[in-house]
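[1] Sequence plus the predicted model coming up.
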Amino acid sequence: MFHLLVFTALLLWSSAGAAPNGPNPQLNDSITTYTVEETFIQLLSRLQLSQDSDDDWCAFSSAARNGSDAELRMLDASGKPGSNLFALKAAGLWEWLGDYDECQDIGQENAHYCVFQGAYGAVLPQYTLPILKKLVFIPLLRWGLCVPRQCTAKALSVKVVATIKKIIYFNSSLVETTCEPSDVQFSSFAIVVIVLCCIIGFLVLLATVFEYSQDCVKNILCQLKPMEETNCQKSTKSREDSTLLPSDSSSKQKQSSGLCLELLLSFSLVQNVPKLLDTARSAKNISCLHGIRTLSMMWVILGHCYFWFEVFQNVANIEAAYDHIHQFAFQPIANAFFSVDSFFFLSGLLVTYLSLQQMERSANCLFWIKFYVHRFWRLTPTYAVALLIYWQLMPYFVDGPLWMGMYDNKQCDHYWWTNLLYINNFYPKYSDMCMGWSWFLAADTQMYVLSPIVIIPAFFLGLSGLIPLVCLLIAVLITIAVIVSVKEFPANIILSGGPATQTLDYENMVYIRFYTRAAPYLVGMAVGYYLAKRDQLRQKLFRVWTVGGWLLAAGLGVTIVYGLYDYNNGHHYSQGASSLYLTFSSCLWGVCLAWVVYACTSGSGGIINNILSWSGWFPLSRLTYSAYLLHPVVLFVYVGSMRQTVYVDNFHMAFMFVAITGISYASAAILSLCVEYPMAAIEKAVLKRIQF
């Protein structure tokens with residue numbers, strides 16, 4: 001079987017051009033004497049028992065010579081070279097997936113589907129795209145094979161490598177073969193997670209039915225006693241969601257119900273859906289933040305859509321797909337990393353703004369206990385449920401040739417606890433992290449824990465109390481400059497084409513560490529201080545200063561996002577220029593956002609403020625946290641379920657982005673209404689009872 005597939009591949013390969021390590025005249029002469037049909041017939045006739053031992057089940061039996069239906073179907077279901085060999089050869093990337101579902105139809109007792117993956121760098125190094133040199137987890141060759149059930153992954157690796165090494169150079173130490181499990185059963189832990197989800201769903205249903213029935217009875221009584229109509233009016237006072245601007249002055253709960261009933265009603269959709277959909281504005285609400293938050297989340301999803309497709313190697317036109325990087329209009333996607341800095345900016349702004357307001361009412365030790373308890377309770381339950389879905393349930397959602405090798409829950413088996421302690425950006429390494437995108441939560445939480453270093457002096461000392469903030473910002477910038485200069489990191493580490501170890505070093509030393517990502521957070525804290533004290537600090541700007549501020553902010557933003565266009569097209573910068581960009585780009589992005597927020601809150605925002613403050617952003621903004629947690633799960637399910645590689649272009653990605661965004665926000669609504677909002681209501685109910 002393997003000889004047939006390999007020599008058929010080589011027949012087409014020889015038509016595409018010479019081998020990368022130089023032509024092999026004998027090999028080319030031997031291959032080109034055959035047509036495809038002759039090669040198929042002659043190799044098929046040679047298929048016979050070739051076991052070196054009794055347990056060599058990866059060899060086909062002599063029944064194949066007689067046209068055994070099962071074994072011929074295995075051969076048919078296995079991957080074979082297709083079109084576009086010239087481009088694939090230039091990219092150094094082969095992917096022959098075969099027909100996964102046909103292999104399944106043969107019957108699990110007879111055959112199973114395996115994917116052989118040759119790690120990048122094993123073959124054709126001089127033909128690879130520069131970008132692929134950085135993505136060490138992308139295989140050069142991904143080969144789907146339908147083999148007898150008794151054939152193990154280890155035996156298959158040995159046989160494929162032994163066969164393919166006869167034809168092209170291949171490093172047998174850089175391979176991995178994954179076979180579909182024979183019988184997928186729910187683990188005990190997965191069953192526990194399913195039971196937990198059912199309990200949460202039952203609580204939501206019970207609370208909703210109970211409160212809805214109460215409201216129905218109340219409405220009937222009001223109709224029977226119209227004179228008491230004023231006592232029957234249901235409070236419609238809107239409460240701003242605590243995920244953005246929580247308020248201590250929550251509306252009073254029904255006093256007739258005890259704590260247990262109040263906790264149950266925390267799960268009621270009758271209460272939580274209006275909170276989610278509320279678009280009312282309040283004096284304390286900074287409306288433009290809703291737009292910044294929502295658009296930043298969509299920017300994250302857009303960047304991940306391209307990332308998931310091209311990094312997990314399910315792109316048929318890999319060379320053309322990476323050509324997008326060189327387009328000027330593609331630069332916001334190539335630099336989508338700044339969307340993360342937007343969230344750091346918002347976090348710093350809100351923690352300072354809200355804390356200073358609350359400290360005006362109470363600044364004792366109990367306040368700081370509540371400060372930390374609120375953070376942990378606000379994030380952890382929703383985070384834990386999302387982690388359990390990703391870790392324990394997602395493997396049962398997906399199957400397919402691309403899924404095998406894409407997901408490994410062993411990382412969560414070993415390191416899940418680091419996520420819940422918010423230390424996973426320090427331990428383990430980024431490549432071993434459970435829920436790799438969750439490093440942001442760890443970094444953001446660590447900044448939150450240290451934020452009183454700035455908040456307390458600012459509250460008691462006024463403007464002079466911001467000296468610690470300035471000192472910290474200078475320290476952060478110096479730290480970044482030293483690291484990137486000493487390690488000689490390029491301006492765009494992903495697209496530089498340097499060694500893969502350099503990318504890993506950048507991720508572990510700069511990208512996920514809180515002390516190198518704190519610049520926009522500190523800028524946000526400065527803006528939060530201004531907003532909390534703006535009654536004393538507000539000074540009306542002349543129109544010329546307003547125009548100048550907008551021009552400066554727009555110029556900085558365009559320079560940061562589009563400034564690497566020449567670099568991405570091969571004009572590499574000096575190390576000094578690269579270090580300068582890496583040191584100041586995130587900080588200056590925070591400065592751009594600072595001007596936007598200042599202008600929008602001081603009446604100088606104009607049409608920008610109208611767009612960012614649109615009430616339609618409000619519900620989507622409240623779903624940002626859950627959408628951040630779940631959108632990678634949606635991408636994993638979508639990409640992992642594909643049976644073949646896809647042809648990527650901007651139209652395809654536009655449709656995919658809309659679909660992934662819609663499903664992510666729909667999933668986020670479920671998670672928010674079932675976990676996030678109930679936990680926030682429970683926190684308020686409990687703290688109110690103990691008079692925190």
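    Cool, got the structure.

[2] how about Lys80, secondary structure?
    coil (DSSP: H, G, I helix; E, B strand; the rest coil).

[3] Distance check, it against Gln117.
    Lys80 sits 17 Å away from Gln117, going by Cβ to Cβ, to the nearest Å. To be clear about C-beta, it is placed using only N, CA and C from the backbone, and glycine gets the same treatment.

[4] looking at it, Ser438 is touching Asn424, isn't it?
    Yes - the pair Ser438 / Asn424 is scored as a contact, 6.3 Å apart, by Cβ atoms under 8 Å.

[5] So these two - more neighbours on which side?
    Taking other Cβ atoms under 10 Å, Ser438 and Asn424 do not tie; Asn424 has more neighbours (25 against 22).

[6] these two touch, right, that one and Trp437?
    No - the criterion here is Cβ under 8 Å, and Asn424 misses it with Trp437 at 10.7 Å.

[7] Please identify which of Lys80 and Gln117 sits among more neighbours.
    Neighbours were tallied for Lys80 and for Gln117 using other Cβ under 10 Å; the higher tally belongs to Gln117 (22 against 16).

[8] Can I take it that the more buried one is in a helix?
    No - under three-state DSSP, Gln117 sits outside any helix and is assigned strand.

[9] is it true that it touches Val160?
    No - using Cβ under 8 Å as the test, Gln117 is too far from Val160 to be in contact (10.2 Å).

[10] how many other residues sit next to Thr380?
    The number of residues packed near Thr380 is 18, by other Cβ under 10 Å.

[11] so how far is Leu620 from it?
    Taking Cβ to Cβ as the measure, Thr380 falls 23 Å from Leu620.

[12] what's the answer for Gly201, then?
    Between Gly201 and Leu620 the distance, using Cβ to Cβ, works out to 24 Å.

[13] ok, the two, which is more surrounded?
    Looking at Gly201 and Leu620 with other Cβ under 10 Å, you find the greater number of neighbours at Leu620, namely 21 against 13.

[14] which ones are touching that one?
    With contacts taken as Cβ atoms under 8 Å, 6 or more residues apart in numbering, Leu620 has the following neighbours: His290, Thr294, Met297, Tyr665.

[15] In a markdown table, list the residues you listed along with secondary structure and pLDDT.
    Supplementary listing: the contacts of Leu620 in a markdown table, determined by DSSP: H, G, I helix; E, B strand; the rest coil; pLDDT from 0 to 100:
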| residue | secondary structure | pLDDT |
| --- | --- | --- |
| His290 | helix | 96 |
| Thr294 | helix | 97 |
| Met297 | helix | 97 |
| Tyr665 | helix | 98 |
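
[16] Identify, from the residues you listed, the entry nearest to Thr352.
    Sorting those by distance to Thr352 puts His290 at the head of the list, at 18.3 Å, by Cβ to Cβ.

[17] check contacts around that closest one.
    With contact taken as Cβ under 8 Å, 6+ apart, His290 is in contact with Leu244, Leu612, Ser613, Trp617, Phe618, Leu620, Ser621.

[18] switch the cut-off to 6 Å
    Counting by Cβ atoms under 6 Å, 6 or more residues apart in numbering, His290 touches Trp617, Phe618, Ser621.

[19] Name the member of those with the most neighbours.
    Neighbour counts for those were taken using other Cβ under 10 Å; the highest belongs to Phe618, which has 24 neighbours.

[20] quick one: that residue is in a strand?
    No - when the secondary structure is assigned by three-state DSSP, Phe618 falls in helix instead of a strand.

[21] Quick one: low-confidence residue ranges for the stretch 451-600 of the chain.
    For the stretch 451-600 of the chain, applying pLDDT under 70 flags the ranges 494-498, 500, 537-542.

[22] Mind doing that once more with 90?
    With pLDDT under 90 as the threshold, the stretch 451-600 of the chain has low-confidence stretches at 462-463, 491-504, 533-547, 564, 566-573.

[23] Same check on the stretch 101-250 of the chain?
    Low-confidence regions of the stretch 101-250 of the chain, defined here as pLDDT under 90, cover residues 101, 103-112, 114-187, 212-250.

[24] if you set the cut-off to 50 instead, what comes out?
    Residues of the stretch 101-250 of the chain that meet the criterion pLDDT under 50 lie in 120-137, 227, 234-250.

[25] what ranges do the strands span in it?
    With DSSP state E, counting those that start in this stretch applied, the stretch 101-250 of the chain shows strands at 111-119, 139-148, 175-179, listed in chain order.

[26] roughly how far is the longest helix belonging to the chain from the heart of the chain?
    Taking residue count as the measure and DSSP state H as the definition, the longest helix of the chain comes out as helix 188-224. With Cα atoms, centre = their mean, to the nearest Å as the basis, the distance from the averaged C-alpha position of helix 188-224 to the chain average is 32 Å.

[27] what comes up buried for it?
    Residues of helix 188-224 classed as buried by neighbour count (16 or more other Cβ atoms under 10 Å): Ala190, Val193, Cys197, Ile200, Leu203, Val204, Ala207, Thr208, Phe210, Glu211, Cys222.

[28] sorry, back to before: save the strands of the stretch 101-250 of the chain as CSV, and put in distance to Phe186 too.
    Formatted as CSV, the strands of the stretch 101-250 of the chain follow (distance: least, Cβ to Cβ, whole Å):
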stretch, distance to Phe186
strand 111-119, 20
strand 139-148, 26
strand 175-179, 20
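
[29] Which among these is found nearest to Leu469?
    In this view, the strands of the stretch 101-250 of the chain are compared for proximity to Leu469 by Cβ to Cβ, and strand 111-119 is the closest at 46.2 Å.

[30] and the angle from the closest one to strand 175-179?
    Interaxial angle, strand 111-119 versus strand 175-179 (axes from the mean of the first three to the mean of the last three Cα atoms, to 10 degrees): 160 degrees.

[31] now Asn424, what's its secondary structure?
    Recorded secondary structure, Asn424: coil (three-state DSSP).

[32] give me phi/psi at it?
    phi -70, psi 0 (degrees, to the nearest 10).

[33] Please read off the pLDDT at it from the model.
    Reading off the per-residue confidence, Asn424 sits at a pLDDT of 95.

[34] so who does it touch?
    By Cβ under 6 Å, 6+ apart, Asn424 lies in contact with Thr418, Met433, Ala442.

[35] re earlier: tabulate the contacts of Leu620 (JSON lines), appending distance to Asp399.
    Listed next are the contacts of Leu620 as JSON lines, based on distance: Cβ to Cβ, whole Å:
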{"residue": "His290", "distance to Asp399": "39"}
{"residue": "Thr294", "distance to Asp399": "34"}
{"residue": "Met297", "distance to Asp399": "29"}
{"residue": "Tyr665", "distance to Asp399": "26"}
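
[36] among those, which two are most distant?
    Distances among these were taken as Cβ to Cβ; the most separated pair is His290 and Tyr665, at 14.1 Å.

[37] CA atoms only: put stretch 427-435 into PDB for me.
    Coordinates of each C-alpha in stretch 427-435 appear next as PDB, following Å, rounded to 0.1, in the frame of the first residue of the first chain:
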ATOM      1  CA  TYR A 427       4.500  28.400  34.600                       C
ATOM      2  CA  PRO A 428       4.400  26.300  32.400                       C
ATOM      3  CA  LYS A 429       6.000  27.400  29.200                       C
ATOM      4  CA  TYR A 430       3.700  29.000  26.700                       C
ATOM      5  CA  SER A 431       3.800  26.000  24.400                       C
ATOM      6  CA  ASP A 432       2.700  23.800  27.300                       C
ATOM      7  CA  MET A 433      -0.100  26.100  28.500                       C
ATOM      8  CA  CYS A 434      -3.700  24.900  29.000                       C
ATOM      9  CA  MET A 435      -6.000  27.200  27.000                       C
END
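
[38] where does the helix or strand containing Ile474 sit relative to the chain's centre, distance-wise?
    Of the helices and strands defined by DSSP states H and E, Ile474 is found in helix 467-486. With Cα atoms, centre = their mean as the basis, the distance from the averaged C-alpha position of helix 467-486 to the chain average is 28 Å.

[39] list the helices and strands the helix or strand hosting Gly590 packs on?
    Secondary structure assignment for Gly590, by DSSP H and E: helix 575-601. Under the contact criterion of 3 or more Cβ pairs under 6 Å, 6 or more residues apart in numbering; DSSP states H and E, helix 575-601 touches helix 338-359, helix 467-486, helix 519-532, helix 543-562.
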